[in-house]
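In: Structure, please.
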Amino acid sequence: MATALAPIKIDSQTDELVSQAAHFLSHSKKEIVDLAVREYVDNHRDEIHRGVRDALLQLDGSKKSVVSMLTGFSSDDVDDLGGLSR
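Out: Predicted structure coming up:
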């Protein structure tokens, strides 16, 4: 399976760190970013899973629950603001 490339934007200080790491570890900048992201996700997997579970618990299949989760408004707040058209 071919991998798609998706450009990311990083600040100049981070780019410099990536460049230095790539140079001294004899890797490409792409490899450094790939390894760093994978390591970060591995180290924070429990937090990510908790966030996913919490989000799923808030969703009940209704549009209102999606709006509440995305906006941070309670169900009552959504109603007070005019609710959702059917």
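In: okay, now Val52: neighbour count?
Out: Using other CB atoms under 10 Å, Val52 has 10 neighbouring residues. For every residue, glycine as well, the C-beta is placed using N, CA and C.
In: okay, and for this structure, where does confidence drop off?
Out: 1-2, 86 (pLDDT under 70).
In: middle-most residue in it, spatially?
Out: Geometric centre of the chain, nearest residue: Ile48, 8.9 Å, by CA atoms, centre = their mean.
In: Point me to the helix or strand that includes the closest residue to that one other than its chain neighbours.
Out: Of all residues not flanking Ile48 in the chain, Val41 sits nearest, at 6.9 Å (CB to CB, 6 or more residues apart in numbering). In the assignment (DSSP states H and E), Val41 maps to helix 29-43.
In: Need the CA coordinates for that helix. CSV is fine.
Out: Only the C-alpha atoms of helix 29-43 are listed here, as CSV (Å, rounded to 0.1, in the frame of the first residue of the first chain):
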residue,chain,number,x,y,z
LYS,A,29,14.1,14.7,8.8
LYS,A,30,11.0,12.6,7.8
GLU,A,31,12.3,9.6,9.7
ILE,A,32,12.9,11.7,12.8
VAL,A,33,9.4,13.2,12.8
ASP,A,34,7.9,9.7,12.1
LEU,A,35,9.8,8.1,14.9
ALA,A,36,9.1,11.0,17.3
VAL,A,37,5.3,11.0,16.7
ARG,A,38,5.1,7.2,17.0
GLU,A,39,7.1,7.3,20.3
TYR,A,40,4.9,10.2,21.6
VAL,A,41,1.7,8.3,20.8
ASP,A,42,3.1,5.1,22.4
ASN,A,43,4.0,7.1,25.5
